[in-house]
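> Just the structure for this:
(chains A, B, C and D)
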2 protein chains.
Amino acid sequence: MSEKITIYDIAKKLNITAATVSRALNNNPKIKESTRELVLETAASMNYKQNKLALALKSGRSNNIGVIVPRIDSNFFASVIRGIEEELYPHGYQVIICQTHENPKRESENLYTLIDAQVDGILMSVSDVNDENNSAFRNVLEKNVPLIFFDRSKHIEGVSSVTINDFKGGYIATKQLINQGCKHIAHLSGDQSLEIFKNRFLGYKQALLDNGIEFNEKYVIQSKSSVEAGKEAVDILLELETPPDAIFSSSDFAALGAIQELNERNINIPDDFCVAGFSNEPFTKFMEMSITSVDQSPLEMGRMSARVFLEQVDKTDTIKIEKKVVLAPELHIRKSSTRTTS
Amino acid sequence: MSEKITIYDIAKKLNITAATVSRALNNNPKIKESTRELVLETAASMNYKQNKLALALKSGRSNNIGVIVPRIDSNFFASVIRGIEEELYPHGYQVIICQTHENPKRESENLYTLIDAQVDGILMSVSDVNDENNSAFRNVLEKNVPLIFFDRSKHIEGVSSVTINDFKGGYIATKQLINQGCKHIAHLSGDQSLEIFKNRFLGYKQALLDNGIEFNEKYVIQSKSSVEAGKEAVDILLELETPPDAIFSSSDFAALGAIQELNERNINIPDDFCVAGFSNEPFTKFMEMSITSVDQSPLEMGRMSARVFLEQVDKTDTIKIEKKVVLAPELHIRKSSTRTTS
DNA sequence: GTTGGCAATGTAATCGATTACACGAAAGTA
DNA sequence: TACTTTCGTGTAATCGATTACATTGCCAAC
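Sure thing, here's the model as predicted:
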């Protein structure tokens, strides 16, 4: 029932050698047309399937690529993966998923595991920017396995990345709040050691400065990407001498929490308080009080990362291209930052 | 820089054979303790890494398992995959992701591709129940590769599945609407050729009958899982002679669409119209008008599927266990079906 | 002193496919 | 006719690890 058919079986049946069978199947021009046809027919009739593992061992290419993300059950990462998978599918690559749960040790393990599994490339979003597991990255580079960062990248010479312009994202979101007439704009930031959060913050700051609004450190709150964290941040902000009248949050979840807390306190959104988030999570547009948010085009990011990988994979080892693709963020303006009064 | 170290390199260095090295590395008891230590030390110092592809070819086990889902960028499937990955990670399995986009042809391709890639098992949620690509499934079974269905399964003898009790899910959601005093409960159903939707519908129907409410075919609308479809369904339902006063939707997205349309028409939710959905998508609890929904515990479903796989993978070919795990759905009651008036 | 047994290691086949090199036959050339 | 190409296949090595079977040396038992 489950007999595995190999090229040797075909060879035996036709009284030729496995080498000839292999050549016939691979369209080697040195094979007589009649032989080729015979082999192809026989292979089909015997239901022959090439053993990809043998091929992988011989060629050194597994046709698998590894994708490492902090977690898969987030709309953003899932969409990126979707993009990667769709782009790579036609090229015969399979996508292996790893999660780090933001744990550097896990990240390092994943890198080693993927290299052990002989993947042809690694696409990842880093969890931690610490230099601790640099050895894992060095290992990848030494093995000459293409490495591409997406969204959250790390500065390593010769390594390509696909990110969005987080600075600009922070800038346009903040600018929109300013345009609505907000004077005291607070910022909920993520872990500043990650580039993305730092840049969103810098974009926010620059937008303030460009529009003659003083930057106030007290308005910047470092918080996690959670509803709870957003609520807590509002608690703190409203205690200030001059409470803010708007929030630009680096996380949609925190933005949601902020809105919930503001509602609880009967503060009118958007007329008395505007809110903008980041990521364009599905729920931001579903809410009745739909939330203004910066879209990161995750699908496109995934596709682009895959394309960058494909460009690199065939290059000889000597040529190393370092490609930095930066996608443009897009602000989706919704109710939470659209004042009805002037 | 990128020299691959093999057991032969170690053997040469120590003037022994690769066989001895292999045995030492594998803790074969026939190896002298001193030799083992020497080999282990040398392997470490040379930075030896076992070539998993060679191992896979020799053993016939790739340590990869394939997961096929309609799409990955849905909270439900992403969460299931998370569960699978977490459960399998400690066992050294890698997860390969495939998407069908609800396309039977793609589903069939994915099955063949995974078998070609010599995965050790396949966990999947079917896209289509049509018998067209039965040959792909037969292929999997013939190759004796463990196959496990989750959520959306197919009746194949000897194949295990992990699902939730969709009938009960439909029942408890409907029952809650009845408890709220709703008399005319409509149902937005998905594709009835899929078991899950049929069972949710049957649960709905049974709940009506058990509570002395007449079943009315006109109240059942087959719609897609989208916001738009939910809106359209409401349009139709409100045209009826006796419009319903509640909706149980098999999809949270359609439930959301329904709510939006009802709001547009100034129909008061939940006092004049109750709504319940299915899947417990994140947004259902984030909304101000939070949506009652049936939770499918996707994480647990993923973990359980992985466990069922692990049980099967080591069994000899002769023993085939067919395990049908049915998880209990849990109703999360929220504002959309909690009347404030009696 | 021969034989048996055991411990430790070596030899070589195997997994399935690819491919450099070799070789015989046919065909072309002088 | 004799020599060189060319064509189509065969031979055998290779990818890296595992493992059945063989071998070696040593010690004990008779």
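
> Excluding chain neighbours, what is closest to A:A173?
Excluding its sequence neighbours, the residue lying closest to A:A173 (Cβ to Cβ, 6 or more residues apart in numbering or on different chains) is A:A276, at 4.4 Å. (Each C-beta comes from the backbone N, C-alpha and C, glycine too.)

> if I look at the closest residue in space to A:F273 that isn't next to it in sequence, how far off is DNA strand C?
Leaving aside its sequence neighbours, A:F273 sits nearest to A:I267 (Cβ to Cβ, 6+ apart; 5.1 Å). Distance of A:I267 to DNA strand C, computed by Cβ to the nearest atom of the strand, to the nearest Å: 67 Å.

> Dihedrals phi and psi, A:A246?
Main-chain dihedrals, A:A246, degrees, to the nearest 10: phi -160, psi 160.

> That one is in contact with A:I185, isn't it?
Yes - using Cβ atoms under 8 Å, A:A246 is in contact with A:I185, at 4.5 Å.

> Name all residues that sit in contact with these two at the same time.
A:L177 (Cβ atoms under 8 Å, 6 or more residues apart in numbering or on different chains).

> what's around the closest residue to DNA strand C within the stretch 201-342 of chain A, how many residues?
The minimum distance from the stretch 201-342 of chain A to DNA strand C, using Cβ to the nearest atom of the strand, falls at A:D314 (14.9 Å). A:D314 is flanked by 7 other residues according to other Cβ atoms under 10 Å in any protein chain shown.

> Could you pull up the contacting residues of the nearest residue to A:G60 once chain neighbours are set aside?
Spatial nearest neighbour of A:G60, excluding adjacent residues (Cβ to Cβ, 6+ apart): A:Q118 at 7.3 Å. Residues near A:Q118 by Cβ under 8 Å, 6+ apart: A:A56, A:G60, A:R61, A:S62, A:N64, B:N51, B:K52, B:L53.

> Which of the helices or strands spans A:Q118?
Per DSSP states H and E: A:Q118 is located in neither a helix nor a strand.

> Can you check the pLDDT for it?
pLDDT for A:Q118: 92.

> What backbone torsions are found at it?
phi 60, psi 40.

> cool, A:G121 as well?
The phi/psi pair for A:G121 (degrees, to the nearest 10) is phi -180, psi 160.

> Show me the beta-bridge partners of it.
A:I65 (DSSP bridges).

> mind listing the strands for chain A?
A:64-69, A:94-99, A:121-124, A:147-150, A:160-164, A:185-189, A:220-222, A:246-249, A:274-278, A:292-295, A:324-327, A:330-332 (DSSP state E).

> Just put the ones you listed in a markdown table and tack on distance to B:N27.
Listed next are these as a markdown table, based on distance: least, Cβ to Cβ, whole Å:
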| stretch | distance to B:N27 |
| --- | --- |
| strand A:64-69 | 28 |
| strand A:94-99 | 27 |
| strand A:121-124 | 30 |
| strand A:147-150 | 33 |
| strand A:160-164 | 41 |
| strand A:185-189 | 50 |
| strand A:220-222 | 48 |
| strand A:246-249 | 53 |
| strand A:274-278 | 51 |
| strand A:292-295 | 53 |
| strand A:324-327 | 47 |
| strand A:330-332 | 56 |
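
> Can you give me the separation between A:D9 and chain B?
16 Å (Cβ to the nearest Cβ, to the nearest Å).

> so where's chain A shaky on pLDDT?
A:1-3, A:128-133, A:315-320, A:341-342 (pLDDT under 70).

> Where does it get nearest to chain B, residue-wise?
A:F283 (3.8 Å; Cβ to the nearest Cβ).

> isn't that residue right up against B:K285?
No - at 9.4 Å, A:F283 and B:K285 do not qualify as touching, with contact defined as Cβ under 8 Å.

> The two - which one has more neighbours?
Between A:F283 and B:K285, counted using other Cβ under 10 Å, A:F283 has the larger neighbour count: 23 against 16.

> can you tell me which residues contact the more buried one?
Counted by Cβ under 8 Å, 6+ apart, A:F283 has contacts A:D252, A:L256, A:I291, B:P282, B:F283, B:F286, B:M287.

> any chance of those in JSON lines, with distance to DNA strand D too?
Shown next, in JSON lines, are the contacts of A:F283 (distance: Cβ to the nearest atom of the strand, whole Å):
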{"residue": "A:D252", "distance to DNA strand D": "46"}
{"residue": "A:L256", "distance to DNA strand D": "50"}
{"residue": "A:I291", "distance to DNA strand D": "52"}
{"residue": "B:P282", "distance to DNA strand D": "44"}
{"residue": "B:F283", "distance to DNA strand D": "48"}
{"residue": "B:F286", "distance to DNA strand D": "50"}
{"residue": "B:M287", "distance to DNA strand D": "54"}
